[in-house]
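**Q** here are the coordinates; sequence isn't available:
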C-alpha cells in the first residue's frame, strides 16, 4: 500500500495582479466580516428569545425584529430559526479544511486532523457563555439536537476524506486495513473532541479545554497512529523493512527493524523527536524477551 502523492492542479491563467486589486480584496474582506457580524447578531437575538419565550414560541419575524433587521435579511443568512443557533460552523469548516490543505509534508496525517478539529474547539471556547447556553438549549430541543448532529457529520466527512486521500484506494488486497483505519481514526478524533467538549460545557465552560483535548488526542494517536501507514518506505528507495515506494512522502515518524541484538531506526531529520522516540520505544517493547538489551542505533 503506497501513499498517494497529490499533484497540484495547473493554475488557470490569470492576469497579473496590480495595485487596483488591493481595494477589491479589501472590500471582499470587509463584506465577509460584515456577513459574519450579522450572522452572530441574529444568533444572539435568537438565543435571547429562545431563553425568554421558548424555542417553539419564537418566530423568525421576532428574531429579525430583535436584531433590528427585516425578515428578508434573516433569510439571506439562515434558512430557518434552528440554523441560526449555529452561525459559525460554515466558517469553522473552511478554517479546518485550510489546516488540512496547508499541512507540512512530514506531518503524520492523523496529527494534521487533530490540528484541524482544534478549530472547532476554538470556536466554542471563544464565547464560553454562549456555547454553554446553546448546549443547554440543544439538550432540550430535539430539532436543534438533530441540527448539531448534522454539523458534526460534516467535520467527520472532511477528516475521513483527508485520511483516505493519503492512501491508494485502488490497492485492494488481503491485509490492507488502511482504508478501514482511516475511517475509524477520523471517527475517533471527532469522538474524542466531542467527549472533551461535552465535559467542558457541562462544567460551565471552565478549565483548560485545549489541554484536555491534547490529552485525548494523544490517546487517539497512540491507538491509531502507528497502524495507519506503518512500514512505508522512504520515497524512491528500498526501505529496511522491505518493499519499495514510488516516491511518496513518508509520514510515519520512523521506520524500525530489528537485527539480532541491534535495533535500527530510520527517520527524517525534520520528523518530531517525540514521535520518533515513541516509535522506537514501542519497537523495543515489542521485541522477544531476552532480545531487547542490545544497543539502539538511530540513523538520521
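**A** That came through fine. Just so you know, these numbers come straight off a predicted model, no measurement behind them.

**Q** output the contacting helices and strands for the helix or strand hosting residue 196.
**A** Residue 196 is part of helix 178-202 when elements are defined by DSSP states H and E. With contacts taken as 3 or more C-beta pairs under 8 Å, 6 or more residues apart in numbering; DSSP states H and E, helix 178-202 sits against helix 109-125, helix 128-140, helix 142-164, helix 209-220. Glycine gets a C-beta too; all of them are placed from N, C-alpha and C.

**Q** can you put those helices in JSON lines and add mean pLDDT?
**A** Supplementary listing: the helices and strands packed on helix 178-202 in JSON lines, determined by pLDDT from 0 to 100:
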{"stretch": "helix 109-125", "mean pLDDT": "92"}
{"stretch": "helix 128-140", "mean pLDDT": "88"}
{"stretch": "helix 142-164", "mean pLDDT": "87"}
{"stretch": "helix 209-220", "mean pLDDT": "92"}
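
**Q** and the helix ranked longest in the chain with helix 142-164, angle?
**A** Once the chain is assigned using DSSP state H, the helix that runs over the most residues is helix 21-53. Relative orientation of helix 21-53 versus helix 142-164 (axes from the mean of the first three to the mean of the last three C-alpha atoms, to 10 degrees): 140 degrees.

**Q** change the start of the numbering to 23 and stick with it
**A** Done: numbering now begins at 23, and the last item shifts to helix 43-75.

**Q** and the next helix or strand after helix 43-75 with helix 43-75, angle?
**A** Scanning forward in sequence from helix 43-75, with DSSP H and E defining helices and strands, the next element found is helix 82-89. Using the same axes, to 10 degrees, one finds that helix 82-89 and helix 43-75 are set 110 degrees apart in direction.

**Q** can you give me the buried ones in helix 82-89?
**A** Neighbour-count burial for helix 82-89, with 16 or more other C-beta atoms under 10 Å as criterion, is recorded at 82, 84-86, 88-89.

**Q** ok, back up a step: ok, which of the helices and strands packed on helix 200-224 comes nearest residue 67?
**A** helix 150-162 (12.2 Å; C-beta to C-beta).

**Q** mind listing what's buried in the closest one?
**A** By neighbour count with 16+ other C-beta under 10 Å, helix 150-162 contains the buried residues 150, 152-157, 159-160.

**Q** and for stretch 53-65?
**A** Here stretch 53-65 shows 60-65 as buried, counting by 16+ other C-beta under 10 Å.

**Q** what's next to stretch 101-115, contact-wise?
**A** By C-beta atoms under 8 Å, 6 or more residues apart in numbering, the residues outside stretch 101-115 that reach it are 58, 61-62, 64-65, 68-69, 72, 77, 80-82, 85, 96, 99-100, 141-142, 145, 156, 159-160, 163, 165-166, 169-170, 173, 176-177, 180.

**Q** and it, how far apart are its ends?
**A** From the first residue to the last, stretch 101-115 extends over 18 Å; the measure is C-alpha to C-alpha, to the nearest Å.

**Q** what do you get for stretch 155-174?
**A** Taking C-alpha to C-alpha, the span from the opening residue of stretch 155-174 to its closing residue is 18 Å.

**Q** equivalent analysis for stretch 95-105, please.
**A** Terminal-residue distance, stretch 95-105 (C-alpha to C-alpha): 14 Å.

**Q** what do you get for stretch 89-106?
**A** Separation of the first and last residues of stretch 89-106 by C-alpha to C-alpha is 12 Å.

**Q** any buried residues in that stretch, and which?
**A** The neighbour-count check on stretch 89-106 (16+ other C-beta under 10 Å) flags 89, 91, 96, 99-100, 103-106 as buried.

**Q** among those residues, which pair sits farthest apart?
**A** The largest distance within the buried residues of stretch 89-106, taken as C-beta to C-beta, falls between 91 and 104 and amounts to 18.4 Å.

**Q** in the stretch 23-172 of the chain, where is pLDDT below threshold?
**A** Of all residues in the stretch 23-172 of the chain, those with pLDDT under 70 make up the ranges 23-47.

**Q** rerun at 80
**A** Counting by pLDDT under 80, the ranges of the stretch 23-172 of the chain that qualify are 23-51, 54.

**Q** with the stretch 173-322 of the chain instead?
**A** Counting by pLDDT under 80, the stretch 173-322 of the chain contains low-confidence ranges at 188-201, 203, 246-322.

**Q** returning to what we had before: please convert the helices and strands packed on helix 200-224 to JSON lines, extending it with distance to residue 301.
**A** Rendered in JSON lines, the data for these read as follows (distance: least, C-beta to C-beta, whole Å):
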{"stretch": "helix 131-147", "distance to residue 301": "13"}
{"stretch": "helix 150-162", "distance to residue 301": "37"}
{"stretch": "helix 164-186", "distance to residue 301": "19"}
{"stretch": "helix 231-242", "distance to residue 301": "14"}
